[in-house]
Structures are given as C-alpha cells and as structure tokens.
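Peer 1: please find the sequence and the predicted model below.
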There are 2 protein chains.
Amino acid sequence: MIGLGTVGTGVARILLEQKELLKTRTSLDFNLKTIVELDWSKDRNLDLSQVNCTTDADTLLEDPEINVVIETIGGYEPAFTFISKALKNRKHVVTANKALIATKGMELYKMAQENGVDFLFEASVGGGIPIIKSLREGLVANRFESIYGILNGTTNYILTKMHQKGLDFADALKGAQEKGFAEADPTLDISGGDAAHKLAILSTIASNSFIPFDKIYLEGITEITKLDISFAQSFGMTIKLLAIYKRSEEGVDLRVHPTLIDNSHLLAAVSNELNAIFVKGDFVGDTMFYGPGAGERPTASAIVSDIVDLSRDLLLQEGEKYCNRAISLTQNVRLIPIEDVKSRFYLRFMTLDKPGVLSKISGVLADNNISISSMVQLESHEKDNYVPIVLLTHEALEKSMEQALQKILKFDFVKDDFLRLRIFEE
Amino acid sequence: MIGLGTVGTGVARILLEQKELLKTRTSLDFNLKTIVELDWSKDRNLDLSQVNCTTDADTLLEDPEINVVIETIGGYEPAFTFISKALKNRKHVVTANKALIATKGMELYKMAQENGVDFLFEASVGGGIPIIKSLREGLVANRFESIYGILNGTTNYILTKMHQKGLDFADALKGAQEKGFAEADPTLDISGGDAAHKLAILSTIASNSFIPFDKIYLEGITEITKLDISFAQSFGMTIKLLAIYKRSEEGVDLRVHPTLIDNSHLLAAVSNELNAIFVKGDFVGDTMFYGPGAGERPTASAIVSDIVDLSRDLLLQEGEKYCNRAISLTQNVRLIPIEDVKSRFYLRFMTLDKPGVLSKISGVLADNNISISSMVQLESHEKDNYVPIVLLTHEALEKSMEQALQKILKFDFVKDDFLRLRIFEE
C-alpha cells in the first residue's frame, strides 16, 4: 500500500483486524506486506510489527512477491507515476483516487489491459456504497436509463445546514469547515467538480462508452441564498446538488447542478454528509443505493472489497480477467449539449416594487415559449425597495431560457442578483 | 431453464433481448438452450425459435452441454427434485425460490459443494436489489451489526394503503388482491413468513452461520386496525413490517414484526410494493439498498446477474469456486430468545371509561419495571362505552411486558381486543 493517511489507515486496519473474518469468508489469507509513507511520526493506533514500513515506493513497486498495489495518497502526482509503474510491473491496482480516474482514467485502463492486470476503484464513488459493483455486476442485465443522486458529501452537508438552520452559504461553509466536513480550500467540492468526477466514472461504466469528465455541464452551490432555500421549502421542495445521467435515443445528458426536488422523493431526505444514488435500469426499474460517501472506514471497506475481488482474478488466466469489468476506451455515445436539454426551472429575481414588472417578465417568458406553473411575490423588507419574485416554470428548453434571461436581466427594474435553478422531474 | 411463468419469461427476455449488451459487458455469449415448461399454450411475446422448448425436465438435466440450470417454478416440489438432480449432475443452479432455500437450503448447499458446483439465489431476497452480492462482496470487509428492512412487498403495499386511505386491514388486503399485489391465499405474506424466509437467507450470509428459518420470531400484520395507524401517525410514526437482524455479544436477535418507525427514518418513506434494506457494518457504517422486491423484470435482472457471475466460475478450477460465496453449514451463533430482547412498546387497550383505569394499568406496568414515555386517551365514540388508551413505553424486556399484559388483560374494564407493537430504535 502506498499512503497511510486517513484512508490508508482504514485499509490497514481492516487487513490486520479483520484477517480472520476475511479468511472465513473467502478461504484466503490477505497479507499486507509493505506500506510506503513519508511521515511515520504519527501514531495511528495500528500494530504494524508484521508490516514492512518504508518511505521508498520502489521497495514495493519492484517486489515480485506483491500482486496488488493499493494507492491511497490521492491527487495527481506522484499517484499517477506510482500507479503507472505498478501496472507496468504487472501488479493489480486498487485506488479511491476519483480525480485521477476522471482525468487520466483512460490512460490507466489501457495500461492495465496491456499488462494483463486489473485496475479497480470501487471507493472512488459513493465511499462505502458498492455502487460500481452494483452497476457492473448486480445490475449487469440492464441498460441504464438514468442514474442520479447526491455524490458529494461536503455540499450535501452544507445544503442540509442551510435548510435546517436557515444559514446563508458562506456561514454554512464555515460551519462545515469547522466540523471537518469541508476542506480549507473547498473549491473542488462546492463547484460541483468532485461530483462531476464521480459522475464521469459512473457514466463510463453505465454507458459502456468513455465519458470525458470535462464534457459534463457543471454548476456549483455558491450562488444559493437562504432566501432561495426558504422559497424551495415553501413549494414543498429541497435543494440538493444532483449529478444526473440520462440516456435517450438522442444520446446522453450529463449534468451536475443544484436542483429543487420534491420532499416526497427519497433523495430529499438524504441529509448531512450522506450520499445516495438512484439507478433506473430497463429491467430492474428504480433502485437506490445509500450510505456514507467518504471517511476512513467506509472508503477502506470499499477498497478491501476490490482487493477480495482481485483475489479471484489471481486464480484466472490472462485474458479472462475482465469478465464484466471491461471499460470502453472509446466515446461511442453522443453527449447532448446543455442547450438542447429540457427542464422545469426555478427563477428568482429581485425587482423594483412597481406596476407592470410581472407582466413584462412573464411576457418575455411567453415570447420564448416558457410557461409559468406558479409564482410568488413577497412584500418588500429591503431598504432599497427591491422585492423577490419567484417563478416556477413548466418544462422548457435551456436555450429558450437563456434567451429569455438575457432579455429580462436588461430590464432596469431587475437587479443582476438573480438565481436560476432546475427542478427535478423523473 | 425450468419454468416459463412470470419470472422465467423475464429471464428468457433478458437472455434473448440483451444478448448483445451482455456480450459487450462480459465478452461472453450466453445461450439459452432449453426451456422446460408444462404449459406452452400461453403467448409470452418471446421469439423462442432458437430455443429447445420441451415439457421433459430430463432433456435439460441430462444434457452434458448445459452448465447452468435456472429454476423458476417456485414451491417445494418438484423444484427440490429438479435442483437436486441438476447439482448431482454437476450443473450450477440459479434460483429465486426463497421458501425452498430457507427450508431446504442447507441440504442444497451441501449437495452443491460435494459436486463442485455453485448454487446462487440473488433474486430470492429483495427482487432486483443486489443485496446478497452486496453483503457477500461489496461489504465483505465488514462484520454486520444489524440488517433490517422491508422485505415483503405485499404487506408494505397493504400497510401503505392503510396509512394513505385510512383503511382497515381487511379492506386494504382486498384492494391489494384486486390489483395483483397480494395472492388469493395471502397467508405466507401477511403472517410475516415470507419476510422471515428472506431474513433467514440474509442472516445466514451475514453471520457466517446457518440460521434456521423456524427459529425466527414472527408476527404478522393482521391485527393492525385503522385506529392503530391513526395513533401511529399522531406520534409522527409509520407502521411497517420490519425484518430485523441484530448482532451483539450475547448473540443474534432475529425478528419479523410490525414496527412503529419515526417518520424521519428513510424506511418510513418506502411505500407500496417497494423493498428497502438497511445494513450496518462495522467499517462501512449505515447503508441502504432500495428497489422493487418482486415482479417479472426485476427478479429476472437478479437471476441474470447470478448467471453472469457463474460464467466466471466456469473459468475457475474446482475448489476455487467459492471465493466469498461460502455458506456455513453449521449454526455457530447463539440466537437470543425473544423473552430476553428489549424494545420500546406501543400498547393500545380498549377500556371502560371510568375512574381509576389508567392508574391501575400504569401501576401494573410500573410493577414490571416498564416506564411510560407518552399516553393518549380518546373520548368515547363507541356505543359500548369502551375508549382506546394508547401508551408508548421506554425500553423494556419482552418477558416483563408479557407478564404485565397478562395482568392487565385480566382487569374487567379491559377488552380482549388490544394491540402491542414494538417501536424501532437504532
């Protein structure tokens, strides 16, 4: 194993403390031979007396006795270099490194295939939830019509606190950082980037087509105010950052953005740092997988399940190893551009409280074939005499909405500070 | 395949219609060679021109070209005879027959092991939800502390309608039968027996110990009235038929009974015929698996996932096949007798509306160390002057409750018509 941080410590703990359990279940012995780590000063409450502890990665990467390399350091480098070397030395690799897989995954899959070894990453999506195994194996008989859910624990924690405590985004973020649910630099999480990494991985598996991470439409949660949360609540809805994969005859629609979801939907009740993923297959129908999306112990649970799977591969001949783990290296589905996607919308404007405002806004929407399903206008409590108007629309094309918004925002009675969100429809 | 009823038709449909998809994902061809079925008169909307259709099971069981036998006829006989013969002829067997597995499973596992073949049954629990694979593989690194959930779609449908429409049990059952969600003879479902079959299967896997089905404590849903549903709702709770596995140092606590569950719990929102299973592992923490628990297409999806798994086994040598699919043939955990289990309770009595009633009831409870957490007494609307009194208790021993109830029911002001339910506590 390379790396003995949070996740690495969890993996070591399982391999050492659950040795007997794994033996009972698999009839196999799993030996943690070598750990590579730069900082050996920390006390990790682990008995490593039987493990070769080193700072030199080559001790492990060049060891012919080692069949499986577990990478838990995260980030792009030196993780990429270490994994590449392990694969080239014909060692199976297990990792939770979603950023690396979403960006360099194709290169690594190819390397693994060329060297007749496996490259597994169950822990990269949904933490301890066995979602990748379920897509590849448990639901192997299905074409996947849609996959959507909460893939990022940090943003779900922040949004949960905004709902529960009526906080604005900045205050909720600060609280999450204090409690260890958000990093000092939270950019990757709050921008939706982390969820998009995970969506790229799930989509690549679900569609049997390579899905490039940078083609996923992305919106983060930083623009959401407590006003929007309270409007959503008044409509019986909750705002969640959803990652969405939808397949139709036109192609694949891929998005990560904050979404209003009806409170009767199970996802609305998935709180705090938890993750949940809905999977709709053409035979199975709607299924959902729920659990902790991160953390030492859940992530380690997923990594060890990959190691156990690899133990079966070690018994197989070369060329037989990829049975229902094949990854397509080519993009063979069309990605639908965001302009052509249809959604229901939530629109919140701050407008001057004077006659004719609503009729002008609704006029522009009508001109663009967007019809309004409900509307709320509050009385002004602001000194500047601007009042919030919220409109929910029926389904409309993204490009029509874009055109309408450009016109509406030019009205002198409308402030720049506005918000457009999408409403989840099955 | 033996049987071309609802489930068999779904399996045939996948093997024929998703042939290309399965090939893409696994690089393997799955050929449905022979179907054994007595009634060939029905139109199943399937192109069986490439399949050998017969009424004679031996055509299949004696065919040396066939590696895998799928049993979809259900029931004890002739399913048991056919499966036994298939295993003895060294064919892998896939089935969804939970009643057979829960009662004759040990005999069949033993037969499979002796003959070096596999016996898989993903579809027997949770329909299309890959719960058995998740316990055995995805969560292999975990000791399971608890597993609980809604394992029977029929009773969940009935209870949902009782909540939504304020129906009594008999009327809700009738509606479920009319809509095809309950069978003409619903005994196995409404008694909790079907859920107990499934719990026996999950517990055997989770505990690495044989769990005999007939040792599971069982209560059905037939005694629940619309009055109880409305009381539960007034406490912010929902009544669900839960199957529960809990492991502690004292042993394993196994039960199927109707349970009041707080509306903030995800299980309270699992409606109609859907199933959901919470799994708590010592590393992963709380996970949940949700989806359709029955039906042609979901069940077929699970059966085909077993067939794909077997295709890997076909590549392995004998003796290597059971990697993390081992089933313990001995009972090596202690089952905690129901008397020693602690629960919170819901008690509903019908009592004469006269002074001293409540003090006498609460006195008996106090004598048995049972303390009351809340109480509701309604005004009488009945002609006979009996009024409902509902008590929720703090945690108490089952045997203390049993003793208290025996005394309370002897009071001349208490009717025999009463109900005791348990309240779910994590």
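Peer 2: Yep, that arrived.
Peer 1: could you count how many residues lie near residue A:27?
Peer 2: Around residue A:27 there are 14 other residues, counting by other CB atoms under 10 Å in any protein chain shown. Every C-beta, even on glycine, is put in place using the N, C-alpha and C of the backbone.
Peer 1: brain fart, residue A:97
Peer 2: So residue A:97, with other CB under 10 Å, has 27 neighbours.
Peer 1: and the stretch 151-300 of chain A, which of its residues are near chain B?
Peer 2: A:208, A:264, A:266, A:269-270, A:276, A:281-292, A:295, A:297-298, A:300 (CB under 8 Å from any CB of the partner chain).
Peer 1: give the next helix or strand downstream of the helix or strand harbouring residue A:305.
Peer 2: Here residue A:305 sits within helix A:296-313, counting by DSSP states H and E. Following helix A:296-313 in sequence order, the next helix or strand is strand A:342-352 (DSSP H and E).
Peer 1: now the helix holding residue A:305: mean pLDDT?
Peer 2: Taken as a whole, helix A:296-313 has a mean pLDDT of 92.
Peer 1: so where do the helices sit in the stretch 1-150 of chain A?
Peer 2: For the stretch 1-150 of chain A, helices defined by DSSP state H, counting those that start in this stretch occupy the ranges A:6-17, A:19-26, A:57-61, A:79-88, A:98-114, A:131-133.
Peer 1: and these, which is most packed in?
Peer 2: Ranked by mean neighbour count, the helices of the stretch 1-150 of chain A are led by helix A:131-133 with a mean of 27 (mean count of other CB atoms under 10 Å in any protein chain shown).
Peer 1: which strands and helices sit next to that helix?
Peer 2: helix A:193-207 (3 or more CB pairs under 8 Å, 6 or more residues apart in numbering or on different chains; DSSP states H and E).
Peer 1: and the helix it packs on with helix A:98-114, angle?
Peer 2: Here the directions of helix A:193-207 and helix A:98-114 differ by 30 degrees (axes from the mean of the first three to the mean of the last three CA atoms, to 10 degrees).
Peer 1: just the C-alphas of helix A:193-207, formatted as CSV.
Peer 2: The C-alpha trace of helix A:193-207 is given here as CSV (Å, rounded to 0.1, in the frame of the first residue of the first chain):
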residue,chain,number,x,y,z
GLY,A,193,-16.2,19.4,-9.7
ASP,A,194,-15.9,16.4,-7.4
ALA,A,195,-19.4,15.2,-8.1
ALA,A,196,-18.6,15.6,-11.9
HIS,A,197,-15.5,13.4,-11.4
LYS,A,198,-17.7,10.7,-9.9
LEU,A,199,-20.4,11.1,-12.5
ALA,A,200,-17.8,10.6,-15.3
ILE,A,201,-16.8,7.4,-13.7
LEU,A,202,-20.3,6.1,-13.2
SER,A,203,-21.4,7.2,-16.7
THR,A,204,-18.4,5.5,-18.3
ILE,A,205,-19.4,2.2,-16.7
ALA,A,206,-23.1,2.6,-17.3
SER,A,207,-23.0,3.6,-20.9
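Peer 1: avg pLDDT for it?
Peer 2: pLDDT averaged over helix A:193-207 gives 96.
Peer 1: which of the residues of the stretch 151-300 of chain A next to chain B are buried?
Peer 2: For these, a burial check counting by 16 or more other CB atoms under 10 Å in any protein chain shown picks out A:208, A:266, A:269-270, A:276, A:281-292, A:295, A:297-298, A:300.
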